[in-house]
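Q: Got a sequence here, can you build the structure:
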Amino acid sequence: MRRVLLAILFLSGLGSFLFLLGEITGQWGSEAVAIYSLLLGVVTAFLFAAWQLSKNDVFFTFVGRGGIRTVDRGESNVIRILANLTDHHVENMKITKDEPKRNLLEKYFGLYWIGIPPATVHEFQFVHERMNPNINENTPVSEWIMRDERPTPTKELLWEIPHSYLVPGVELADGFRVNVLFNTRSQVVDPVIALYVRRGQFIDYMAQYVRNGVIGVLSMYTITEFRNANKDENSDLAKRILATIDPPGDMQGLLEAVGLTVIGGFVSHWDASDKTEAEALAAEKKAELDGKGRVAAAKKDREAAMTLAQGQMAGLDAALEIIKKRTPGIDEATALREANALAIATKMSHPESPVTVLGAGIAIGVDRERKS
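A: Below you'll find the predicted structure:
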C-alpha cells in the first residue's frame, strides 16, 4: 500500500509540475513571483517524492558511489545496468573505462531511473567472507577466513571488490607445505555474468583461479626463498601470481568465467609456525652438514689411498735396491721381477711391511714401465 501511495504522490507532483510549466510559458506578468514560489514547491515535492520512492525502488533507486545495480523486467530478465562511477560508465551492458554519463539526479542525488513497473531492482544472494582480523601464530588455518553461515539478500554490487582467499597446503619446491592468504582487488567488467550467470557466487568461482595461480607460482620457490621474498602488491612474486590468475589478453579466462578482472594482489599472511620454521632450518643445517661430511670422508679416502700407494712403492723400491746390489749388471726387467717377488715374500713373512698383497704370487701396484 505504501508503494502505491508514493507512486500516486509522485505522479501528482509530476502532473502539477508540467501544468505550471505550461502556464509559465504562456503567461508572464505580475504573478511571476507567486508562480516561481509555486514552481519551487512543486519541484521540491517532486524531489521528495522521488527520494521516498527510491527508498522502495519504485520508479527510482539509489546507487551509492562505486556501486552497481541491475534492473529486471520479469524474473532475472535484465534490461538495464546502473553504475555510479567516477571514471567508468555502462556501455552495451558492460563497465567501460571512460567519463561517466550521469544526469543531474544521478550526479547530485544518486537517484537512478528504474522504469515503470514491473521494472524492479535485481536482488541476489551473496555469502560474505572476510579475513579474521585477529590472526596470530596460534590461530588454526580453518579460522583465518570468517564466512557467514547463510547468504545475504543484496541489491547492490561493489564495482571494486577486495577479497582474501585462503590457499592451504601449498607444496613448495623442496617439499615443505605452507598455508597462504592471498588478497586481491578485482573490478567488475560484466555484471551480467557475475550476477546472472554465476548467480552472485562469483567469489566461489574465482577462488579456484586464485588457488591455481598461487600454487603454480609458489611450487617453484623453496621455503627459504619464499620466506625471504618480498610479498607486497608491487613485488615480483605478487605480479607473477596475478599474471597466472588473470593472464593479460586472455579472453577465455577469468573475465569470461566470472565477469571480473584482477587489478592487484599480495600475500597478506602465511603459515609461519615454529614447527615449519624449525623443520626448514633443520633441513638446511642437515644438508649443509651432510655436504661437509661427504667432503671430509672423500678427503680421508684420498689421503688413505695416497698413503697406501706410497707404502707399496717404498717396499718395492727397497727390494729393487737389494737385488741390484746383489747382482751387478742385472737387466732392469729381471731385477724388477725378482724385486717384486722379494717384496711379496717380505709381506707374507713380516705383516708390518708396507707392501699390500691381494693374492699369493701376484704382483700388485707394479708399473711395468717404471724406469730406474
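
Q: now the helices: where do they sit in the protein?
A: With DSSP state H as the criterion, the chain has helices at 2-26, 32-55, 104-109, 191-192, 202-218, 223-228, 236-245, 254-258, 274-326, 332-349.

Q: Send over the third one as CSV, restricted to the C-alpha atoms.
A: So that's helix 104-109. C-alpha atoms of helix 104-109 as CSV (Å, rounded to 0.1, in the frame of the first residue of the first chain):
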residue,chain,number,x,y,z
LEU,A,104,21.6,15.8,-12.6
LEU,A,105,19.6,13.4,-10.5
GLU,A,106,22.3,10.8,-10.8
LYS,A,107,25.2,13.1,-10.2
TYR,A,108,23.9,15.2,-7.3
PHE,A,109,21.4,12.9,-5.6
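
Q: quick one: buried residues of it?
A: Buried residues in helix 104-109, defined by neighbour count with 16 or more other Cβ atoms under 10 Å: Glu106. (Each C-beta comes from the backbone N, C-alpha and C, glycine too.)

Q: Could you list every helix and strand in contact with it?
A: For helix 104-109, the packing partners by 3 or more Cβ pairs under 8 Å, 6 or more residues apart in numbering; DSSP states H and E come out as helix 32-55, strand 111-113.

Q: Sheet partners, orientation included, of the shortest one?
A: What that stands for is strand 111-113. strand 60-62 (antiparallel) (DSSP bridges).

Q: Quick one: mean pLDDT for stretch 142-161?
A: For stretch 142-161, mean pLDDT is 93.

Q: mind listing what's buried in stretch 88-96?
A: Under 16+ other Cβ under 10 Å, the buried positions of stretch 88-96 are His88, His89, Val90, Lys94, Ile95.

Q: Residues contacting that stretch, please?
A: Under the criterion Cβ atoms under 8 Å, 6 or more residues apart in numbering, residues 68, 78, 81-83, 85, 97-102, 159, 187-192 lie in contact with stretch 88-96.

Q: Now do it: distance from first to last residue.
A: Its start and end residues considered, stretch 88-96 measures 5 Å (Cα to Cα, to the nearest Å).

Q: again with stretch 145-163
A: 10 Å.

Q: how is the chain carved up into domains?
A: 2-121, 124-272, 279-349 (automatic domain parsing).

Q: Send me stretch 190-209 as PDB with only the CA atoms.
A: C-alpha atoms of stretch 190-209 as PDB (Å, rounded to 0.1, in the frame of the first residue of the first chain):
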ATOM      1  CA  ASP A 190      30.500  -7.800 -16.900                       C
ATOM      2  CA  PRO A 191      27.700  -7.600 -14.200                       C
ATOM      3  CA  VAL A 192      25.500  -9.900 -16.200                       C
ATOM      4  CA  ILE A 193      28.000 -12.800 -15.900                       C
ATOM      5  CA  ALA A 194      28.700 -12.100 -12.200                       C
ATOM      6  CA  LEU A 195      25.000 -11.700 -11.100                       C
ATOM      7  CA  TYR A 196      23.000 -13.800 -13.600                       C
ATOM      8  CA  VAL A 197      25.300 -16.500 -15.000                       C
ATOM      9  CA  ARG A 198      27.100 -17.100 -11.600                       C
ATOM     10  CA  ARG A 199      24.000 -16.100  -9.500                       C
ATOM     11  CA  GLY A 200      26.100 -13.900  -7.300                       C
ATOM     12  CA  GLN A 201      28.500 -16.700  -6.400                       C
ATOM     13  CA  PHE A 202      31.400 -15.200  -8.500                       C
ATOM     14  CA  ILE A 203      33.700 -15.200  -5.400                       C
ATOM     15  CA  ASP A 204      33.500 -19.000  -5.100                       C
ATOM     16  CA  TYR A 205      34.100 -19.500  -8.800                       C
ATOM     17  CA  MET A 206      37.100 -17.100  -8.700                       C
ATOM     18  CA  ALA A 207      38.600 -18.900  -5.800                       C
ATOM     19  CA  GLN A 208      39.800 -21.700  -8.000                       C
ATOM     20  CA  TYR A 209      41.600 -19.300 -10.300                       C
END
